[in-house]
Each structure stands twice: as C-alpha cells, then as structure tokens.
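Visitor: Sequence and predicted structure, then a few things I'm wondering about:
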Amino acid sequence: MAAVHGDAHGHGHDDHHPSGIMRWVTTTNHKDIGTMYLWFSFAMFLVGGTLAMGIRAELYQPGIQILEPELFNQFTTLHGLIMVFGAIMPAFVGFANWQVPMMIGAPDMAFARMNNWSFWLLPVAATLLVGSFFVPGGAAAGGWTFYPPLSTQGGLGVDLMIFSVHILGASSIMGSINIITTILNMRAPGMTMMKMPLFVWTWLITAYLLVLVMPVLAGVVTMLLTDRHFGTSFFNAAGGGDPVMFQHIFWFFGHPEVYIMILPSFGIVSEVIPTFSRKPLFGYSSMVYATASIAILSCVVWAHHMFTAGMPTVGQLFFMYATMLIAVPTGVKVFNWTATMWRGSMTFETPMLFAIGFIFLFVIGGFSGVICAIVPIDIQVQDTYYVIAHFHYVLVSGSLFALFAGAYYWIPKWTGRMYNETLGKWHFWLSMFFFNLTFFVQHFLGLAGMPRRIPDYNLQFADFNMISSLGAFGFGLTQLLFLYIMINCIRSGEKAPQMPWDGATTLEWTHLPTPAPYHSFENPPIVK
Amino acid sequence: MDKTNEKQASATIWQIAKAVMSAFMGIRKKSDLESDAEILKPVHVITGGIIGAILFVTGVLLVVKFVLS
C-alpha cells in the first residue's frame, strides 16, 4: 500500500503542465492519451453509425428513396473503414493506454512521446477519410476491402483513403511497439509474465499480430497507389498482374485483423467475468495458451475469404480445415468463462451483463463463422447478408459489447464516479434487443440470397429488411443513451467507493486510489 | 543465476515441443505453464513456434492430400 500513499501525494508533478487545449495536444500521460483515444473512437463510432443509419434507411423499403447507388456504396465502404480503423481499433488502444500500465504496476507507457504522436495521427487520418466525401467523385465506393479493379478506377476519394490507411497503420504500429515494450520491460517487481492479468496478455499477443500484419496492409495499399498513379500493374491482368493477388495480400492482413479486434475483447471479458463471479478465472494458463493459439492459426486461414475467387480444391480444403480448427481454442475460452461463472457468487451489474451478452452472441457469431468456413456453404452465402450477419455478431456483439463491458467496469476507476446502474442496464437490454432485431434476420436474408452492398432489392426481401432497419434505428438511438450515461457519470455521477467491485483483484483496484491519480506507480508496487 | 542458466540449458526439445503443442491446442496445466516460464527462453518458443507452424501446415496439407487421393 506504500505505493498508494506515494501516488496520493504525487499530484505536484503535473503543476507545470500546460492547461486548456494545449494540455491535450502536448500530453505524454498515458491516462490523458487513453482518454483521447476513447473519445476519438466514440466520435468515429457515431460517424460510422450515422453512415449505418443511412444504409438502413435506404434499405428500409425496396426501391431507391434516399441514397443514390453511388453514394450508397460510399456509405457502405466508409462505414466499414471507419468502424474498423476509426472506432474499434482505437478504442482498444485507449483501453490499453489506460489499463496496461496500471495493471502491471508501471508509471506510464514506455515511449510516452511516441504515444502522443500515435494518437494525434488519428484525427489527421479521420479527416482524410471523412473529408473524402466532399472531393470530386466522392469517397471510395469499392467496399471496405477496396478490391481492384474498383479501387484502381475510383477517383480522388480512393487516394485519400489510401493515405488515411497508411497513417492509421503507422499509428497502430507505433501503438503496438509501445504496448509490447511497456509489457516486456516495465512490469513491477514480482509481476511475472504468468501473473499478468489476461487483458495484458491478450494485448501483448494482439500487439505482436499488429506489428506482423499492418506493414502488409501498408504494402498492399502502396501497390494500389502505384498501380493508380505510377504505371505499375501489380493488380492489372492486362499489364501482367493479378487482381487475385490483391485479395491474398489484403486478407493476409485482414484475417489476423479480425483477431486483433477480438483478442482484447477476450481480455476485457476475462477481467469482468471473474470479478462479478467472485472467483479466479478458470484455466488462466489455458486462456493464455488459447490466445496464442488463436493468434498463430489466424495467420494461416486468410484464403477462406476467397473461396469463390478461384482456388484449387487442395487450397479450398486446406483453408477450410485450418479455419475450422480455430473453433478448438475459441471453444476452450468459452468453456473457461462458463466454468468461471459456475458456482460463483454472481451479480449482474452492467459490465457483467455486457460480458455475458458478449459470450452468448459471440458464440452465435463463432458458429456462423464455422458455417461460412465450409466451402460448399460459403460458395452459396459468399457476399450475401449471411456474411454481414456473421461478422456483425463478431464485431458488434463481440468487440463492441466487450468495449461497453470494459467502459462500465473501469469508469469508476478512471473518473472516481459511478455511472447510473439503472440506465446502464437499460442500455444493455435495449442494445441486446435491437442488436438481435437488426442482425439475426439478416441470416435469413442471406440464406434467401440477398446480396450485400446493394441499395435496392427484390420484393421478397422487404419484410426482413424493414425489421432489420427498425432494429438498426433502435440500436443507433440506444448508443446515444450510452453517451448520456457516460457524460452524466463524468459530470455528476455519485462518488465511487474505493472498491466498487468487491471481486476485483488486479493492481489498479488493489493498489491505487479511486479515481486513479494522474501519475500512478511512480514507486512500483511489490507483487507477491 | 547459475542455476537458472543450467535450467534454461536443460530445456529439452520435448519440453519445447510440449509447450508449443499446448499453445496450438490452447490447453495447459498451471504447473506446466509455470515450469515453461522458468525453463524456456523466448528463442526456444519462437523457433519451436515456427517449426510447429510449418508442421501444422504440412499436417493439414497431408490430410487434404489423403482426402483427395
């Protein structure tokens, strides 16, 4: 506890810091930067969400009512890019910034100035991406996967998107290097690797995945850029290139990217479930190894996104088998979470509700993933709403629900105030209801043959589309409730007790006051 | 320190293989994990992991070949 007292008196150190906006521009404090990441990602979540509302408004009825087809395609493309690169990924980095140093007993991130730079690249990239709507020809419209030839033919919006992806990639790589170095070098005495909280473990493995695959993405968008402007023919068959090669390189990044967006969620859920079950995590070591296993396997399954692009049977079977094997370590995790809850003294505060919601819905997304992995089925459902339903179950009720669980779980530690529990529960149940209303019916649409990325559809798809759109509007509005809950908590929430969750065992709860001081663990705690 | 070095030097191929196989399966006992953390160096795990990945890919390919034959 000596560290607590040391920190409680450590407030003098920030006296010389600039105030007002310059505090945020020049800050090197991991908590400030974490806060900026989280607000930035939420702002981008609202932008991406607004695009989703546009998409669902257009699809409310058959026919073209609101968006011209070209603009509709821009909406779907930018919705995907903004949600993946602008909302989900930075949100997890925000959590890492806040939590990793506190959970391992470090005073800050290893490279504090680089941390500032990693963040401030993001608004630049976001401006390029969102600004591309207003350039001649509009934003990129070839889908978030920007396959050539559409992406080699698009206008200035595609170039802006390419630069934006470059910048976002650079930011992610720097963030990952920072996280890896912090975890490997700055742990408190006694905090061995095998004592690290699972959130830290999952982020360590995620950061390695990011360092592995983000340069691949940077490479492929650079090849696209040179194809567009410098006369190369990497992806142009007429010049001796191969458009399918783009898909291979893109998905060598893209599939590990899926796990980059889900492994930190596993980490958050693995912190929340034991706390609210008042039991240690069941099978901690298996959880660590399962995370490693998922990360390794994620690098050898990429071509399951391309079964219909033309592939020898050997390739189809290889990628099908390898993909299905990922269900083994994922199943280990689901089993361990369930076993953690078994006979625990469970309570159901909002973080726990979102964590349980995560397990329930992520399993549905996982199962539909295994279904999509089966070649003969995938050939039927490729590019249909079945795939849309599948990955929204993974990314919305997976990643996003885990982010909500984490936000509710740690907001008392961050702000020293409690959120409104009743409203939090409303947020969960409304999200749960509207999420399923939006996306469950899309399985049926997909199986009935409705293709993705189209602004209009045949009459037989009308009813399910109307249900899905109503769900989407409800889900969108519900997220404004989350914004209200958070602002209300920060401004006028009740003072949080020192230990709001009596089952929490990680260092930020046991060794730091609530709220966490601006500078924490200047004297490292001794971990036993 | 000397003891640790001796221990690290004594990490057998079988121990590395077991750790890597566990990582591929996602299941490991706590006592084994602790002994892994003591005995294995990162270079062991990374080399073992790369060899394991090659073996895994070869294994799946062999199954595919068998299915198609």
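Guide: Perfect, thanks for sending it.
Visitor: Pull the number of nearby residues for residue A:327.
Guide: 16 (other CB atoms under 10 Å in any protein chain shown). (Each C-beta comes from the backbone N, C-alpha and C, glycine too.)
Visitor: just residue A:366 next, same as before
Guide: Residues near residue A:366, counting by other CB under 10 Å: 21.
Visitor: Just checking the one helix or strand it maps to against chain B, any contact.
Guide: Using DSSP states H and E, residue A:366 falls within helix A:350-373. No. Against chain B, helix A:350-373 shows no contacts by CB under 8 Å from any CB of the partner chain, the least distance being 13.1 Å.
Visitor: for the record, mean pLDDT for that helix?
Guide: Mean per-residue pLDDT for helix A:350-373: 96.
Visitor: buried stuff in the helix or strand following that helix?
Guide: Using DSSP H and E, the helix or strand that follows helix A:350-373 in sequence is helix A:375-381. Of the residues in helix A:375-381, A:375, A:377, A:378, A:381 count as buried by neighbour count, 16 or more other CB atoms under 10 Å in any protein chain shown.
Visitor: could you give the angle of the very next helix or strand once past helix A:375-381 to helix A:350-373?
Guide: Next in sequence after helix A:375-381, counting helices and strands by DSSP H and E, comes helix A:385-394. For helix A:385-394 against helix A:350-373, the angle by axes from the mean of the first three to the mean of the last three CA atoms, to 10 degrees is 150 degrees.
Visitor: So which residues make contact with helix A:385-394?
Guide: A:258, A:262, A:361-362, A:364-366, A:368-369, A:371-372, A:381, A:438-440, A:442-443, A:445-447, A:450-452 (CB atoms under 8 Å, 6 or more residues apart in numbering or on different chains).
Visitor: let's see it at 6 Å
Guide: A:361, A:364-365, A:368-369, A:372, A:439, A:442-443, A:445-447, A:450, A:452 (CB atoms under 6 Å, 6 or more residues apart in numbering or on different chains).
Visitor: which helices and strands does the helix or strand containing residue A:162 pack with?
Guide: In this assignment (DSSP H and E), residue A:162 forms part of helix A:156-185. Helices and strands touching helix A:156-185, by 3 or more CB pairs under 6 Å, 6 or more residues apart in numbering or on different chains; DSSP states H and E, are helix A:89-104, helix A:112-131, helix A:198-229.
Visitor: Quick check: which helices or strands does the helix holding residue A:366 pack against?
Guide: Counting by 3+ CB pairs under 6 Å, 6+ apart, helix A:350-373 packs on helix A:243-277, helix A:313-325, helix A:327-341, helix A:385-394, helix A:401-415, helix A:421-447.
Visitor: among those helices, which is nearest residue A:172?
Guide: For residue A:172, the closest of the helices and strands packed on helix A:350-373 is helix A:243-277, at 8.5 Å, according to CB to CB.
Visitor: That closest one near chain B anywhere?
Guide: No. For helix A:243-277, no contact with chain B is found by CB under 6 Å from any CB of the partner chain; the gap never falls below 11.5 Å.
Visitor: how big is the angle separating that helix from helix A:327-341?
Guide: Calculated by the same axes, to 10 degrees, helix A:243-277 forms an angle of 10 degrees with helix A:327-341.
Visitor: Show me which residues of chain B are close to chain A?
Guide: B:22, B:23, B:24, B:26, B:27, B:28, B:30, B:33, B:37, B:57, B:60, B:64.
Visitor: Residue nearest the middle of chain B, spatially speaking?
Guide: The centre of chain B sits closest to residue B:20, judged by CA atoms, centre = their mean, with a distance of 2.2 Å.
Visitor: circling back to that earlier point, and the contacts of helix A:385-394, which two are furthest apart?
Guide: Top of the distance list for the contacts of helix A:385-394 (CB to CB): A:361 and A:450, 21.6 Å.
Visitor: ok, how many other residues are close to the residue lying closest to residue A:426 once chain neighbours are set aside?
Guide: In this structure, residue A:426 finds its nearest non-sequential neighbour in residue A:481, 6.7 Å apart by CB to CB, 6 or more residues apart in numbering or on different chains. Using other CB under 10 Å, the number of residues around residue A:481 comes to 15.
Visitor: Can you verify my assumption that residue A:481 contacts residue A:427?
Guide: Yes. Between residue A:481 and residue A:427 there is a contact under CB atoms under 6 Å: 5.2 Å.
Visitor: What residues does the residue in chain B that chain A sits nearest to make contact with?
Guide: Residue nearest to chain A within chain B (CB to the nearest CB): residue B:26, separated by 3.1 Å. Each residue near residue B:26 by CB under 6 Å, 6+ apart is listed here: A:289, A:290, A:293, A:329, A:332.
Visitor: run the last query once more with 7 Å
Guide: A:286, A:289, A:290, A:293, A:328, A:329, A:332 (CB atoms under 7 Å, 6 or more residues apart in numbering or on different chains).
Visitor: what's the answer for residue A:103, then?
Guide: Neighbours of residue A:103 in contact, by CB under 7 Å, 6+ apart: A:197, A:199, A:200, A:506, A:507, A:508.
Visitor: and those residues as a markdown table, adding pLDDT and neighbour count?
Guide: Listed next are those as a markdown table, based on pLDDT from 0 to 100; neighbours: other CB atoms under 10 Å in any protein chain shown:
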| residue | pLDDT | neighbour count |
| --- | --- | --- |
| A:197 | 96 | 24 |
| A:199 | 97 | 24 |
| A:200 | 97 | 25 |
| A:506 | 94 | 20 |
| A:507 | 95 | 24 |
| A:508 | 95 | 22 |
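Visitor: Redo these as CSV? Include distance to chain B.
Guide: Converted to CSV, those look like this (distance: CB to the nearest CB, whole Å):
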residue, distance to chain B
A:197, 15
A:199, 18
A:200, 15
A:506, 18
A:507, 19
A:508, 23
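Visitor: Switch those residues over to a markdown table, and while doing so, append distance to residue A:476 to every line.
Guide: As requested, those are exported to a markdown table (distance: CB to CB, whole Å):
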| residue | distance to residue A:476 |
| --- | --- |
| A:197 | 33 |
| A:199 | 28 |
| A:200 | 33 |
| A:506 | 33 |
| A:507 | 37 |
| A:508 | 32 |
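Visitor: Give me the nearest residue to residue 37, chain neighbours excluded.
Guide: I'll assume chain A. residue A:94 (3.1 Å).
Visitor: not what I meant, chain B
Guide: Nearest to residue B:37 is residue A:194, by CB to CB, 6+ apart, at 4.9 Å.
Visitor: Thank you kindly, that will do.
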